[in-house]
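Asker: no sequence for this one, just the structure:
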């Protein structure tokens, strides 16, 4: 399972970065290859200061070795070995009319000291964080997610959509990070489904990331915007930082298990503002966004 | 103990905010009074977009009630009541030649359900975060800290300085948040010292915060700076955010125990940048700062 999936994400990284470069028309991804002392490594690709994308990272990694103590505690297991691979991306556009997007597609295996696989699962998802809300964009994004789910018996759009709203939630602000998408984890073989079924869904969903996101970028990237709208984007990006540094399990895990810091934190937005007690004007577009973030919507 | 200390910090808040307004010459602090549902409340004062200070918060609070479950776990105690009061401040200047400063002076009591005091202690400190390092400023700041400590048998400058370097450390970056100052906590009565001794030190140190910081501001606030230096300041402010959201116990505690979010997060800088894998040029002033942050210096 791990070989076909890793080969798939290597190719997918090329496909995604090439397409985003083409949409941007100016900036190119810069690749850093890194190795992990305890085993494995990855390829981080980052683009900055483009025409369309202010900052974006599309990375793959495959790491293995002894399960770090923090992960033993987290998974409530003993001294096992592990293998983890995945593709992870976050794209922060320049224009506040274009939403930020995040996606992650991962596979995990755990072994006993004889090398026997004790457990394995897929996880991942994709979610959209608009600064100005175009309902049709949210519907488009969710429609692509649902179409893929509907093709696979293992996948349940309603369940994964709900999990996404629950996970990407800034509890301390009582609001969602964005308008959601899909989130799934611990996707394992069952009497009904095989790991091959999950692999097929995972690859299908990852292959349609560009279909979910790029049409929205194309539609909004040349819209005019004001300085005040840009300020709002930078203030909302602050909430993105708060989620990633306070709540996101992957980020905290990486920071506490000696991961490659620059690859973990490449998700942070390029320019951010924090203003004291900022509140949008009543009945504004900004206030409408907050209303939706506080009360998740069924977009389809 | 709690009444004299609370009265002291109420007056100190006035003294500090008045002096900072005078130094700024333009912006005024705006006060928000807030109450905590479970008991107590506070006065948050925030200044934004000044001549000298881009954002600053100077707040006091006094909260009480049943010890929240998260705090019971943290302190390893049962179902007790508590009282906590303190003054907290973070000042983010506009000019990258002027350092950011943080200070906190607090007092804590725990009671059994009959109202008997089970435990009580002082805690606090102050620390400086420069973007460009003027050695004489660091020495000045530490000299004021040491002078106060030297006047009080309870206080040990070397110990509190070391604790500050240890606490304000971004472990994931392997660097200090700034050039330190003092940090002390769980300062309790012992056979040798009384709580009155600690109160006297706490009030003396808090009363000299302005002496530690304002002369540095006066000296640097009109220095010229370039856009590149301003960028460096905003990038370094990103590390400040990382510390406060990932490591700072007070912040995480507040976020997880239903504190007033805007008062907790008023410490976050107004404008921040994250660039991928940013490294200062060799032998630059920026590189020299990093060297010092990685290897704390004895400033006196």
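Answerer: Nice, I can see it. Predicted model only: the values in this text are computed from it and were never measured. Numbering: from 1, shown residues only, chains lettered A, B, ... in the order given.

Asker: and the lengthiest helix in chain A, anywhere near chain B?
Answerer: Of all the segments of type helix in chain A, defined by DSSP state H, the longest one is helix A:2-24. No: judged by Cβ under 8 Å from any Cβ of the partner chain, helix A:2-24 makes no contact with chain B; its nearest approach is 14.2 Å. (Each C-beta comes from the backbone N, C-alpha and C, glycine too.)

Asker: which residues sit against that helix?
Answerer: Surrounding helix A:2-24, the residues in contact under the criterion Cβ atoms under 8 Å, 6 or more residues apart in numbering or on different chains are A:27-29, A:43, A:45, A:47, A:50-53, A:56, A:58-60, A:62, A:83, A:85-87, A:89, A:91, A:105, A:107, A:109, A:199, A:202-203, A:206-207, A:209-210, A:214, A:217-218, A:221.

Asker: give me the subset of those residues that lies in strands.
Answerer: Helix and strand membership here follows DSSP state E; of these, those in strands are A:43, A:45, A:47, A:53, A:56, A:58-60, A:62, A:83, A:85-87, A:89, A:91, A:105, A:107, A:109.

Asker: now, which of those residues lie close to chain B?
Answerer: Counting by Cβ under 8 Å from any Cβ, no member of the ones in strands among the contacts of helix A:2-24 reaches chain B.

Asker: list the buried residues of stretch A:118-129.
Answerer: For stretch A:118-129, the neighbour count (16 or more other Cβ atoms under 10 Å in any protein chain shown) marks A:120-129 as buried.

Asker: typed the wrong thing, it's stretch A:286-295
Answerer: A:286, A:289-290, A:292-293.

Asker: also stretch A:73-84?
Answerer: Within stretch A:73-84, the residues that qualify as buried by neighbour count (16+ other Cβ under 10 Å) are A:80-84.

Asker: what's the first-to-last distance across it?
Answerer: Stretch A:73-84 has an end-to-end distance of 17 Å (Cα to Cα, to the nearest Å).

Asker: helices and strands around the lowest-mean-pLDDT helix or strand in chain A, which ones?
Answerer: Ranking every helix and strand in chain A by mean pLDDT, DSSP states H and E puts helix A:249-256 at the bottom, with a mean of 82. Helix A:249-256 sits against helix A:69-75, helix A:261-264, with contacts defined as 3 or more Cβ pairs under 8 Å, 6 or more residues apart in numbering or on different chains; DSSP states H and E.

Asker: and if we set it to 7 Å?
Answerer: helix A:261-264 (3 or more Cβ pairs under 7 Å, 6 or more residues apart in numbering or on different chains; DSSP states H and E).

Asker: please name the bridge partners of the residue of the stretch 1-150 of chain A found nearest chain B.
Answerer: At 4.4 Å from chain B, residue A:46 is the closest residue in the stretch 1-150 of chain A, using Cβ to the nearest Cβ. The residues paired with residue A:46 through beta bridges, assigned by DSSP bridges, are residue A:30, residue A:57.

Asker: on that earlier part again, quick check: the two most widely separated of the buried residues of stretch A:73-84?
Answerer: Spanning the widest gap among those are A:80 and A:84, at 12.3 Å by Cβ to Cβ.

Asker: what do those two both touch?
Answerer: Residues within reach of residue A:80 and of residue A:84 at once, by Cβ atoms under 7 Å, 6 or more residues apart in numbering or on different chains: there are none.

Asker: picking up where we left off before, between the buried residues of stretch A:73-84, which is nearest residue B:76?
Answerer: residue A:80 (30.4 Å).

Asker: quick one: contacts for the closest one?
Answerer: Listed by Cβ under 7 Å, 6+ apart, the contact set of residue A:80 reads A:67, A:110-112, A:118.

Asker: any residue of stretch A:266-274 up close to chain B?
Answerer: Yes: judged by Cβ under 7 Å from any Cβ of the partner chain, stretch A:266-274 comes into contact with chain B through A:266, A:268-274.

Asker: could you do stretch A:233-243 as well?
Answerer: Yes: shown here: stretch A:233-243 in contact with chain B (Cβ under 7 Å from any Cβ) through A:241-242.

Asker: now that stretch: average pLDDT?
Answerer: In this model, stretch A:233-243 has a mean pLDDT of 98.

Asker: contact partners of it?
Answerer: When contacts are taken as Cβ under 7 Å, 6+ apart, the neighbours of stretch A:233-243 outside the stretch itself are A:96, A:100, A:129, A:131, A:168, A:170, A:173, A:177, A:268-269, A:271-275, A:278, B:241, B:245.

Asker: swap the cut-off to 6 Å and go again
Answerer: Stretch A:233-243 is contacted by residues A:96, A:131, A:170, A:177, A:268-269, A:271-274, A:278 when judged by Cβ atoms under 6 Å, 6 or more residues apart in numbering or on different chains.

Asker: out of these, who has the most neighbours?
Answerer: Highest neighbour count within the contacts of stretch A:233-243, by other Cβ atoms under 10 Å in any protein chain shown: residue A:272, with 28 neighbours.

Asker: what helices or strands is whatever helix or strand that residue lives in leaning on?
Answerer: Take DSSP states H and E as the rule and residue A:272 turns out to sit in strand A:271-273. In terms of contacts (3 or more Cβ pairs under 6 Å, 6 or more residues apart in numbering or on different chains; DSSP states H and E), strand A:271-273 is packed against helix A:227-242, strand B:271-273.
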